[in-house]
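> A predicted structure for the sequence below; I have some questions about it.
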Amino acid sequence: MCGIIGYIGNKKAGPILLDGLKKLEYRGYDSSGIAVIDGGVISVIKSVGMIEALDEKCSGGELLNGTVGIGHTRWATHGAPSDVNSHPHLSSDKRFAIVHNGIIENFESLRTELKSLGYKFVGETDSEVIAKLIQHLYNGNIISALRAVIDRLEGSYAVGIISADKPDTLYAIRKDNPLVVGLGNGENFIASDYTAALEHTKRFVLLDDKEIAEITATSTKFYDINGKLVKKTPYTIEWNIEEAQKGGYNHFMLKEIYEQPKALTRTLRPRISGDEIKLDKIEFDAEHLSSVERIDIIGCGSAYHAGIVGRSFIEKHCRIPVNNFLASEYIYSDPITGPKTLTIIISQSGETADTLAALKLAHSRGSKTLAVVNVVQSAIARAADDVLYTHAGPEIAVATTKGYTTQIVALYLIGLKMALKKGTITTKRYKELIRGLTKLPDKVEDMLLETEVEKIKEYAEKFYNHKCVFFMGRGTDYAASLEGALKLKEISYIHAEAYAAGELKHGTISLIEDDTLTLALVTQEKLYHKMESNIKAVKARGGTVIALASRANSKIKSCSDLLLTIPECDDDISPVLTAVQLQLFAYYVALKRGCEIDKPRNLAKSVTVE
Ligand code: BG6
């Protein structure tokens, strides 16, 4: 996620901005930059790549004089990581510089309007329109210009602004994206999170949505959208830097589990308007689609599991045969693929070597490739014919959580769009599923607030010493159980195995003995009775069963030992909700076992070598 720092005071701004950006590196970024007002002129230095490159370009910030400035670490959402796309962005008259976190959803229409008024754009980002829009709406009063800008912007934003016309003032606006004002002695700060300013001050004020902050070295004023002064009460943060980077969570993994409502919203919101699904620039040409005889979905690790979940949804609604491949197997299998196969490549990092190799192989044999990726302009994103970004924001923990659930939702969107195009889904069912998808973020939010988390902690307490744990399910629940097993294995080092519940009698049942733990996923109404008998079979051999069921199936408790429930949702999209429960179960078991959760032994966030 992008990071923002702003400084106004009596010290040189450059070094303070650089240092603040270094404290924001943990958020993940691909470029950075600073802007300082130096003798009534705004100087900007920015660089693609790590902060060391910026540091070198501006000699640690010493190159720039001036005591007012803004800095930014960019996580690309629109436009490749590059010097020109890095922030800060300038107005055309170079009298304003801005840094922006978030996504301006109406940036294309604003860009077109501003271009028609003669404004020239240098980059491809959504953020640049903010700088030009401020200039366009400015008539000598910055507060009224910023109020007008807020009226025009749609989407989410936290923006830091400096103006050569007001060299002794720092401004900020925000909506749906955090921004705090740090209160120092004879100096003040703005930051996207406490980390960037915490070593200078522990006293902050939160800027609320659609408010404007007007900050000098010795004063802070806040205005609402109507230009009315708003009184703010400062508060103190007792975190240390490390805690601040995790936003108060003990681990990045837990923070990212709790970020899933926002991440899912970012995946869904820009793609669903009313009953229409728009997959960015991806148009499924009806002719090409009718020529597609099969779909191959390829990935590694959790990305592979997301593909298996996607497969059951896409096959069901598009009536096209779907194959799942592990990338490492696919590349040596002399795959049967070509123009009649659509290849969907899944990767959070977009850099996994096996997955990139699989994409290139499919492409070389004439298959059209569609990548579902989180990191913008990553190798896989650039190599694919089409790309659908998950917009989950950077994922720091090695074991993916929001990366995985946003991949599933992206596959649901692809499946629905294709099914509608092919006419293999009724309008009624299509609308039901769209409604179900749009409700997912709130349902995940509810799950994370509810007592279910307390129950999961209790179960983790009970079972953290087990040597082996089984996960079973049928249909899409089986697909979801694969990821549940991997999550537990990855971070708690307990051997965990997922199997299709119908396979119980063909092998696994020989391993069930007293107290063997099995998590049984029971969200599919039509498979309820089958799962009931599988659970009874496990229990008859002395096994312990935690049923993970939808509220409608909570009667399954009668034949299980323990129960976890997910909110009511459409059976076809339940893996997003069951994933959250299984992530939390793995997290609390690993916590109890004292494991290094964010960086599990021997694992890497992205395996960029084959
Ligand atoms: C592993 C990660 O190294 O790579 C997993 O630990 C991930 O979380 C897998 O699912 C694939 O990575 P990516 O970036 O291609 O999704």
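Perfect, I can see it now. Since this is a predicted model, take the numbers as computed values, not measurements. Residues are numbered from 1 along each chain as shown.

> Can you pull the poorly scored residue ranges out of the protein?
Counting by pLDDT under 70, the chain shows low-confidence ranges at 1, 243, 608-610.

> now what about stretch 497-514, what contacts it?
With contact meaning Cβ atoms under 8 Å, 6 or more residues apart in numbering, stretch 497-514 is reached by 468-474, 477-478, 481-482, 484-486, 518, 520, 530-531, 534, 537-538, 541-543. For the C-beta atoms, the positions are set from N, CA and C on the backbone; glycine is no exception.

> Buried among those residues? Make that a PyMOL selection.
Those of the contacts of stretch 497-514 that count as buried under 16 or more other Cβ atoms under 10 Å are selected in PyMOL with:
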select buried, resi 469+470+471+472+473+474+477+478+481+482+484+485+486+518+520+531+534+538+543
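
> and the contacts of stretch 497-514, which of them are in strands?
468-473, 518, 520 (DSSP state E).

> Let me have those in a markdown table, extended by distance to the ligand.
A markdown table is the format used below for the ones in strands among the contacts of stretch 497-514 (distance: Cβ to the nearest ligand atom, whole Å):
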| residue | distance to the ligand |
| --- | --- |
| 468 | 21 |
| 469 | 19 |
| 470 | 21 |
| 471 | 17 |
| 472 | 22 |
| 473 | 20 |
| 518 | 24 |
| 520 | 24 |
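
> Now for the residue lying closest to residue 607 once chain neighbours are set aside: which residues touch it?
Leaving aside its sequence neighbours, residue 607 sits nearest to residue 352 (Cβ to Cβ, 6 or more residues apart in numbering; 5.6 Å). Contact partners of residue 352, counting by Cβ under 8 Å, 6+ apart, are 299-300, 303, 327, 380, 606-608.

> Can you tell me how far residue 352 is from residue 287?
To residue 287, residue 352 is 32 Å away according to Cβ to Cβ, to the nearest Å.

> What of residue 116?
For residue 116 relative to residue 287 (Cβ to Cβ), the value is 35 Å.

> what about the residue nearest to residue 87 when sequence neighbours are not counted, neighbour count?
Using Cβ to Cβ, 6+ apart and skipping residues adjacent in sequence, the residue nearest residue 87 is residue 72, 3.8 Å away. Using other Cβ atoms under 10 Å, residue 72 has 31 neighbouring residues.

> What of residue 174?
Number of residues near residue 174 (other Cβ under 10 Å) recorded here: 27.

> So it belongs to a helix, correct?
No - with DSSP: H, G, I helix; E, B strand; the rest coil as the criterion, residue 174 is assigned strand and is not in a helix.

> What residues does it make contact with?
By Cβ under 8 Å, 6+ apart, the neighbours of residue 174 are 157-159, 207-211.

> Quick check: beta-bridge partners of it?
Taking DSSP bridges as the rule, residue 174 bridges to residue 158.

> any idea how far residue 150 is from it?
Residue 174 is 9 Å from residue 150, by Cβ to Cβ.

> Name the residues contacting each of the two.
residue 210.

> Can you get me a residue count around the closest residue to the ligand within the stretch 401-550 of the chain?
Closest to the ligand within the stretch 401-550 of the chain is residue 403: 6.3 Å, counting by Cβ to the nearest ligand atom. Counted with other Cβ under 10 Å, the neighbours of residue 403 add up to 28.

> repeat for the one 10 residues further on
By other Cβ under 10 Å, 23 other residues sit near residue 413.

> Quick check, it in contact with residue 268.
Yes - using Cβ atoms under 8 Å, residue 413 is in contact with residue 268, at 7.5 Å.

> so what sits against both of these two?
Common contacts of residue 413 and residue 268, defined by Cβ under 8 Å, 6+ apart, comprise residue 437.

> Could you give the number of residues near residue 62?
Residues near residue 62, counting by other Cβ under 10 Å: 11.

> so it touches residue 13, yeah?
No - the pair residue 62 / residue 13 is not scored as a contact, 10.9 Å apart, by Cβ under 8 Å.

> Number of residues surrounding the residue lying closest to residue 277 once chain neighbours are set aside?
In this structure, residue 277 finds its nearest non-sequential neighbour in residue 417, 4.7 Å apart by Cβ to Cβ, 6+ apart. Other residues within reach of residue 417, judged by other Cβ under 10 Å, total 22.

> For residue 417, what is the enclosing helix or strand?
helix 402-422 (DSSP states H and E).
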